[in-house]
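Peer 1: got a structure for you, letters missing:
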């Protein structure tokens, strides 16, 4: 919910969302050269598949963060401006917290929450779409099934 409020504030011009500190995107090859025996999986949904949705790799300090493009780009606080990612690592870190379990599959890594302030529902990108939401048609401000018709 806090992430959705930050995005709304930025859209309304109330405050900047991470403009001064963009996330550094690196190649999968760079990650593999530093961590050759570590499988590449999405830090949000925990899946390794890349056929439908490519994995994007970010580096912050000496740590790497991986996420499917859709898993991270549809997280409410994330913006991509001119190929520069803003708040991607923040969304991944938030999604990895134990309190952000997915309402649908019950696994950690759910970075997309209902936009109703007091609603506790969180989802992974794919689970949100399985719930009937279409990000391409309905947009980034996600509403759970209980709040779609309000």
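Peer 2: Arrived safely. Please read these numbers as outputs of a predicted model, since none were measured by experiment.

Peer 1: C-alpha only now, for contacts and for neighbours.
Peer 2: Will do.

Peer 1: give me phi/psi at the nearest residue to residue 57 once chain neighbours are set aside?
Peer 2: What sits nearest to residue 57 in space, not counting adjacent residues and going by C-alpha to C-alpha, 6 or more residues apart in numbering, is residue 66, at 4.5 Å. Main-chain dihedrals, residue 66, degrees, to the nearest 10: phi -120, psi 140.

Peer 1: over to residue 86?
Peer 2: Dihedral angles of residue 86 (phi, psi; degrees, to the nearest 10) stand at phi -120, psi 130.

Peer 1: pretty sure it contacts residue 79?
Peer 2: Yes: using C-alpha atoms under 8 Å, residue 86 is in contact with residue 79, at 5.1 Å.

Peer 1: which residues in the protein form strands?
Peer 2: According to DSSP state E, the chain carries its strands in the segments 24-26, 55-60, 63-68, 79-81, 84-86, 112-113, 122-123.

Peer 1: may I see those strands arranged in CSV, with mean pLDDT, mean neighbour count and distance to residue 48 as well?
Peer 2: CSV is the format used below for those (pLDDT from 0 to 100; neighbours: other C-alpha atoms under 10 Å; distance: least, C-alpha to C-alpha, whole Å):
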stretch, mean pLDDT, mean neighbour count, distance to residue 48
strand 24-26, 94, 17, 18
strand 55-60, 94, 20, 8
strand 63-68, 95, 20, 9
strand 79-81, 90, 15, 23
strand 84-86, 95, 18, 21
strand 112-113, 93, 29, 19
strand 122-123, 94, 29, 18
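
Peer 1: picking up where we left off before, double-check the residue nearest to residue 57 against residue 43; I have them as touching.
Peer 2: Yes: between residue 66 and residue 43 there is a contact at 5.6 Å, judged by C-alpha under 8 Å.
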